[in-house]
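Chemist: Quick one, what's the 3D model for this:
(2 chains, ligands or ions: 1)
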Amino acid sequence: MASLIPCPHCGQRPKEEFTVKGAALARPAADASREAWFDHVYLRENPRGRYDEHWHHTSGCRRWLVVTRDTATHEIAGARDTAARTETAK
Amino acid sequence: MSAFAIEHRAALSGKIPLISTSVTLQALPEGHVLHVLSANAGDDLSGKIRAAFGAETLAVRFVSPGQWFVVGDEPISAAAHAKIVQKLKPHADVIDQSQGRVRIAIAGAKAASVLAKGTAVDLALNAFPVGHATTTLIGHIATHITRISEDRFELMVLRGFAESLWDELAELSAEYS
Ligand SMILES: [Zn+2]
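Modeler: Numbering: from 1, shown residues only, chains lettered A, B, ... in the order given. So this is what the prediction gives:
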């Protein structure tokens, strides 16, 4: 099996056990401008290289993770539980 | 309690145990499966859960941070269930999954080899010791696996998947029978 994701709770697991939600972005403040929210909800970068994504271990521990993946090589730099991450809005 | 008695039919009642020298497959009694959930994912409540249930070590199985399954072959009465809920209330909530999840035992020298054909989890004894439990895919079916002894595992699936998993395991076992 290809891409193994190192789940901090379950160990190495194949990508088939996960659901990918997309870029893990800092959330704007609740009262941020309309433009800031539009940008956050609809506009995405398409970076080449390291990228933080939300992955859900759907067929495992069912925890949300932030997986750091290289979009060019598919190399996984690491994964951590979303709860262990404190988001800060830009 | 329901006003009507519901006739309980085991999901795998039609399945005859598969027995060969190197692998056996057997549906376990649909006794009880209780899901214990703590709001604090960082807490290890396994000791408290064992105490509340008076359960043996292997009956309390890790699911995910802050979550455990407690299983057994005997049904738990409504009164006993209420008592357990009360005891664990300060730490966790208890959800009765007895009718929702079905257990299958797979044992024998080739049990791990059969499972290894269906899952990517490392089943080596040092990586997956006795008492270790985890949820993974077997084929396309999410299955909770617990190692009961060196060559015995218990699998637990949502009731609706029990027959499919059984059939798949039977097929995976065929080369050893
Ligand atoms: Zn996991």
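
Chemist: can you list the residues of chain A near chain B?
Modeler: Residues of chain A lying close to chain B (C-beta under 8 Å from any C-beta of the partner chain) are A:1, A:4, A:9-14, A:16-17, A:58-63, A:81, A:83. (C-beta placed from N, C-alpha, C; glycine too.)

Chemist: Separate out the buried members of those.
Modeler: Using 16 or more other C-beta atoms under 10 Å in any protein chain shown as the burial test, those include A:9-11, A:13-14, A:17, A:58-61, A:63, A:81 as buried.

Chemist: Report the two of those residues separated the most.
Modeler: For these, the maximum inter-member distance is 19.0 Å, found between A:14 and A:81 (C-beta to C-beta).

Chemist: Can you name the residue of chain A nearest chain B?
Modeler: Nearest residue of chain A to chain B: residue A:61, at 3.8 Å (C-beta to the nearest C-beta).

Chemist: wait, doesn't that residue sit right on residue A:10?
Modeler: Yes. If you go by C-beta atoms under 8 Å, residue A:61 and residue A:10 touch, sitting 5.3 Å apart.

Chemist: Would you map the helices across chain B?
Modeler: B:46-53, B:78-88, B:111-116, B:162-173 (DSSP state H).

Chemist: whoops, I mixed them up, chain A
Modeler: Here chain A has its helices, by DSSP H, at A:34-42.

Chemist: quick one on the thing from earlier: make a markdown table out of the buried ones among the residues of chain A next to chain B and add distance to the ion and pLDDT.
Modeler: Formatted as a markdown table, those follow (distance: C-beta to the ion, whole Å; pLDDT from 0 to 100):
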| residue | distance to the ion | pLDDT |
| --- | --- | --- |
| A:9 | 4 | 95 |
| A:10 | 3 | 96 |
| A:11 | 8 | 94 |
| A:13 | 6 | 96 |
| A:14 | 12 | 95 |
| A:17 | 8 | 97 |
| A:58 | 9 | 97 |
| A:59 | 9 | 97 |
| A:60 | 4 | 97 |
| A:61 | 3 | 96 |
| A:63 | 6 | 96 |
| A:81 | 9 | 94 |
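
Chemist: Inside strands: which ones of these?
Modeler: Cross-referencing these against strands under DSSP state E gives A:11, A:13-14, A:81.

Chemist: Closest to residue B:6 out of those residues?
Modeler: Of these, the one sitting nearest to residue B:6 (C-beta to C-beta) turns out to be residue A:13, at 37.4 Å.

Chemist: list the contacts for the closest one?
Modeler: Shown in contact with residue A:13 (C-beta atoms under 8 Å, 6 or more residues apart in numbering or on different chains): A:4-5, A:7, A:57, A:60, B:120-121, B:136.

Chemist: same question, residue B:17
Modeler: Taking C-beta under 8 Å, 6+ apart as the test, what residue B:17 contacts is B:24-27.

Chemist: out of those, who has the most neighbours?
Modeler: residue B:25 (25 neighbours; other C-beta atoms under 10 Å in any protein chain shown).

Chemist: Skipping its backbone neighbours, what lies nearest that one in space?
Modeler: Closest residue in space to residue B:25, ignoring its immediate chain neighbours: residue B:18 at 4.2 Å, by C-beta to C-beta, 6 or more residues apart in numbering or on different chains.

Chemist: Would you agree that neighbour is in contact with residue B:27?
Modeler: No. Using C-beta under 8 Å, residue B:18 is not in contact with residue B:27, being 10.2 Å away.

Chemist: distance of the closest residue to residue B:142 other than its chain neighbours from residue B:128?
Modeler: Spatially, and ignoring its direct neighbours in sequence, residue B:142 is nearest to residue A:59 (4.3 Å; C-beta to C-beta, 6+ apart). Residue A:59 is 17 Å from residue B:128, where distance means C-beta to C-beta, to the nearest Å.
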